[in-house]
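Enquirer: Structure of the sequence below:
(chains A and B)
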Amino acid sequence: MSRSKTSWIAAAVLALAVVPVVLPGYLTSLATLMLIYALLAMSVDILAGYAGRTPLCHGAIFGTATYVVMYYVTSAGGNPWLAMPLGVLAALGVATVFAALAVRTSGVYFLLLTLALGMIVWGVCQRWTSVTGGENGLRGTARPAALADPQVFYYFVLAVGLACSYVMWRFVRSPFGLSLKGIRESESRMRSLGYDTTRHLFVGFLFSGLMAGISGVLYASFNSFVSPSTVALAQSVKGLLMVIVGGVGTLFGGVVGAAVIIVLENVVSSFTERWSMVLGALFVLTMIFAPEGVVGKFRSFLARRRKP
Amino acid sequence: MATLQLLNSFTLAALLFLVASGFTLIFGLMRIVNLAHGAMYLMGGYVAYAAATASGSFLAGVAAAVVAVALLGLVTQALLRFVKGNELRQVLLTLGLALILNDAALVIWGGDTFSVPTPPPLRGAVQVFGVLYPRYRLFVLAVGIAVLVLLWLLMNRTRLGALIRAGVDDAETVEAMGINIRLVFVATFMLGMALAAVAGALGGAFLSLYPTADSEILVYSLAVVIIGGRGSLGGAAVGSLAVALLSTFGQVWFPELAYFVIFGPMALLLAFRPHGLFGRAT
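Expert: Here you go, the predicted structure:
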């Protein structure tokens, strides 16, 4: 890694570390939410950007972890610390089933299949009222008492987020990550080179699901509430849009994408209740004008302006 | 009891076929997965409800639904022109449209549940196979079968059908033979939209209309297409029947996990035939 890149990352981490000190409480909670979604966006990018399989089920994996934590703490009266690994395990379980079914497909079929699988989770959360509370969802504090202070919680999320980002960064640069990239470029060629592409995709999917599960667990601690809208398609769409905004296949672009979308959501929501419509419109416009990433588009636009 | 559930499955299958046949034809021919298809169904249903209650005529409601959804279909096609040739971008664009339409429906009609009023001759129940069964649901079944027959005739006995079938297999070659495949595309897309609108109007009377109905119909249609295979009418029919049977009996046996029940066979099928029962690899 070049020196300038290292200093950029150091500066970004430093900026994130001073957020709770300089910003008022409301903005700190917004920044916490942003970090949680950045983790989700990066997990989506591992599949969408590196393995070349665009998933629409990460909202469901994320939400399953949230549901399990909420159920274990509020309905079953369990220990909130113990709930965290349980939530991650549940997400991993869901990801295993999804991966087993989806890795043999690619392109639009992969998208459709993951969409259908994700929606089944949503349907179950909606109807299984005795456990999930149906439309009313589950409410209650799932955050361990030691993290009750919003500033402490922010640092906890930041630490988990940084650790996960590092692991993901190592993952995509590892030989395994490179072979995923190879599968993205040409699955048939990788297979003829002797790679078991199905198994590679399966493991990649699991890893991505694991990260989505961790962000879902953090979300449960953050939000103290879960309803079917947490696992709904709109959640997966939001995660994917963050990736596209930040740049597909850039990993850390997801952080930028998450920041943009979360801030936008908050600004828009303070004016109108039509966030869902705005999200849809953003999606349509992005697909038409900047499918390769809004940040990349903006950068090339600036470069063109500067040149003459 | 079992007879009643079987009849319920058949009528649900007829409705699913109406939605899924258009979905699968558009998918097969144009390679466009229209994720706004469920939203089109819901829009059709709401417009039919509004028009039917205003005019007092069920037929007027259906006609209004077809016109409104056809207009939405034109807008969709215009937007899709921007991302021509890129499957993934097309799918994601229709996904954005689905979110917009769903939210727009929420603005216009709110979160309440509506039912399209059925015409008086179709109200009440009749005795079939020893059970008292609603006349209207039998009517939906009849419409489903009629549409299946008509679509089969269209696909196998007309020039347009031959062009659509040829287009499903290889659109470029059809175009190279001097045929305006774009017109065929538009016709198929509009046919699919019309079917979704009619399904919305018919389904709006017995499944009722509510803000998340579009997602449910979309999942069912996806399951039908995943089971039946892309672009195959027979596949859509078999898939609809399978999904409807699973969903109806699932609701009786595992009321809270009915959604989960359509998942099992889908998983099995995918393990052995990733392209569906009647689908072909490309």
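
Enquirer: Please count neighbours and contacts with C-alpha atoms only from this point.
Expert: Fine.

Enquirer: I figured residue B:103 hits residue A:278, correct?
Expert: No. Between residue B:103 and residue A:278 there is no contact under C-alpha atoms under 8 Å: 9.4 Å.

Enquirer: For the residue of chain A found nearest chain B, what is the enclosing helix or strand?
Expert: Using C-alpha to the nearest C-alpha, residue A:280 is the residue of chain A that sits closest to chain B, at 4.0 Å. According to DSSP states H and E, residue A:280 maps onto helix A:275-289.

Enquirer: just residue B:59 next, same as before
Expert: Using DSSP H and E, residue B:59 maps to helix B:58-80.

Enquirer: Any idea how far that helix is from the middle of the chain?
Expert: 14 Å (C-alpha atoms, centre = their mean, to the nearest Å).

Enquirer: In chain B, what residue lies closest to chain A?
Expert: residue B:96 (4.0 Å).

Enquirer: Could you tell me which residues of chain A lie near chain B?
Expert: Neighbours of chain B within chain A, by C-alpha under 8 Å from any C-alpha of the partner chain: A:101, A:104-105, A:107-108, A:112-113, A:116-117, A:119-121, A:123-124, A:127-129, A:234, A:274, A:276-284, A:287-288, A:291.

Enquirer: biggest helix in the chain by residues?
Expert: Unless you meant another one, I'm taking chain A. As assigned by DSSP state H, the longest helix anywhere in chain A is helix A:197-223.

Enquirer: Wait, chain B was what I had in mind.
Expert: helix B:2-30.

Enquirer: Could you list the buried residues of stretch B:191-203?
Expert: B:191-203 (16 or more other C-alpha atoms under 10 Å in any protein chain shown).

Enquirer: so where is the stretch 151-282 of chain B shaky, pLDDT-wise?
Expert: Low-confidence segments of the stretch 151-282 of chain B, defined by pLDDT under 70: B:258, B:263-264, B:267, B:271, B:280-282.

Enquirer: Please, where are all the helices along it?
Expert: B:159-176, B:181-206, B:213-228, B:233-253, B:258-261, B:263-272 (DSSP state H, counting those that start in this stretch).

Enquirer: among those, which is the most enclosed?
Expert: helix B:213-228 (a mean of 26; mean count of other C-alpha atoms under 10 Å in any protein chain shown).

Enquirer: what's it in contact with?
Expert: Residues from elsewhere that reach helix B:213-228, judged by C-alpha atoms under 8 Å, 6 or more residues apart in numbering or on different chains: A:112-113, A:116, A:119-120, A:123, B:16, B:19-20, B:23-24, B:35, B:37-42, B:102, B:234-240, B:242-243, B:262, B:266, B:269-270, B:275-279.

Enquirer: What strand or helix carries the residue positioned nearest the centre of chain A?
Expert: Centroid-nearest residue in chain A: residue A:40, 1.2 Å away (criterion: C-alpha atoms, centre = their mean). In this structure, residue A:40 sits in helix A:25-45 according to DSSP H and E.

Enquirer: Buried ones in that helix, by neighbour count?
Expert: So, applying 16+ other C-alpha under 10 Å, buried residues of helix A:25-45: A:28-45.

Enquirer: Return the residues of the stretch 51-200 of chain B in contact with chain A.
Expert: Close to chain A, as judged by C-alpha under 8 Å from any C-alpha, the stretch 51-200 of chain B has residues B:82-83, B:87-101, B:103-104.

Enquirer: that older thread, tell me the confidence at the residue of chain A closest to chain B?
Expert: Note for residue A:280: predicted pLDDT of 90.

Enquirer: Could you pull up the residues touching it?
Expert: Taking C-alpha under 8 Å, 6+ apart, one finds B:95-100 in contact with residue A:280.

Enquirer: can you count the residues close to residue A:86?
Expert: Other residues near residue A:86 come to 18 when the count uses other C-alpha atoms under 10 Å in any protein chain shown.

Enquirer: thinking it is in contact with residue A:69, fair?
Expert: Yes. At 7.1 Å, residue A:86 and residue A:69 qualify as touching, with contact defined as C-alpha under 8 Å.

Enquirer: thinking again about what came up before, any chance of TSV for the helices of the stretch 151-282 of chain B, columns distance to residue A:188?
Expert: As requested, those are exported to TSV (distance: least, C-alpha to C-alpha, whole Å):
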stretch	distance to residue A:188
helix B:159-176	22
helix B:181-206	31
helix B:213-228	23
helix B:233-253	28
helix B:258-261	34
helix B:263-272	19
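
Enquirer: The closest residue to residue B:55 other than its chain neighbours and residue B:149, how far apart?
Expert: Nearest residue to residue B:55, sequence neighbours excluded (C-alpha to C-alpha, 6 or more residues apart in numbering or on different chains): residue B:61, at 7.9 Å. Going from residue B:61 to residue B:149 by C-alpha to C-alpha, to the nearest Å gives 24 Å.
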